[in-house]
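Enquirer: here is my input; please provide its structure:
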Amino acid sequence: QVQLVESGGGLVQAGGSLRLSCAASGRTFSSYAVGWFRQAPGKEREFVAAISWIGGTTWYAEAVKGRFTISRDNAKKTMYLQMNSLKYEDTAVYYCASVSGFTVTDPLRYEYWGQGTQVTVSS
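Expert: Residues are numbered from 1 along each chain as shown. All right, here's what the predicted structure looks like:
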């Protein structure tokens, strides 16, 4: 199994920045990529960004391109999501997740999930 623990959420004003972290442990060698998803009240969980452990290939949702940056530190088995120019509509619970396959934008393909961290952007 892979265990994931998120941190870094909080309350920020619109236009501000936050950095989320996702620490992985366990059988991380079985993971191809780690992704960030978010879920706002009454909405479905949506893809935000993902990064592969090997090679560092990145994927982003259109809504966050140019504002969010995903990165990883393989030695620390930690992934980061730097979120800049935050908007009210970015408010959600953010989850990191691990996937062993190559389809990184579909939450149904992810095998392991963290507990989530709340991000609230005030307008």
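Enquirer: ok, and the closest non-adjacent residue to the residue sitting nearest the centre point of the chain?
Expert: Closest to where the C-alpha atoms of the chain average out (C-alpha atoms, centre = their mean) is residue 36, at 2.1 Å. Residue nearest to residue 36 in three dimensions, not counting chain neighbours: residue 48, with 4.2 Å by C-beta to C-beta, 6 or more residues apart in numbering. From N, CA and C alone the C-beta is placed, and that goes for glycine too.
Enquirer: separation between the one you found and residue 30?
Expert: Using C-beta to C-beta, to the nearest Å, one gets 22 Å for the distance from residue 48 to residue 30.
Enquirer: can you check residue 64 too?
Expert: Using C-beta to C-beta, residue 64 is found at 27 Å from residue 30.
Enquirer: now do the phi/psi pair for the residue nearest to the centre of the chain.
Expert: Backbone torsions for residue 36, taken as degrees, to the nearest 10, come to phi -110, psi 130.
Enquirer: hmm, what's the outermost residue in the chain?
Expert: The C-alpha centroid of the chain is most remote from residue 123, which lies 22.4 Å away (C-alpha atoms, centre = their mean).
Enquirer: is it true that that residue touches residue 90?
Expert: No: taking C-beta atoms under 8 Å as the contact criterion, residue 123 and residue 90 are not neighbours in contact, 10.9 Å apart.
Enquirer: what residues are shared contacts of those two?
Expert: Taking C-beta atoms under 8 Å, 6 or more residues apart in numbering as the contact rule, residue 123 and residue 90 have no neighbour in common.
Enquirer: in the sheet, who's paired with the residue nearest to the centre of the chain?
Expert: Beta-bridge pairing for residue 36 (DSSP bridges): residue 49, residue 96.
Enquirer: tell me the confidence at it?
Expert: We note a pLDDT of 98 for residue 36 in this prediction.
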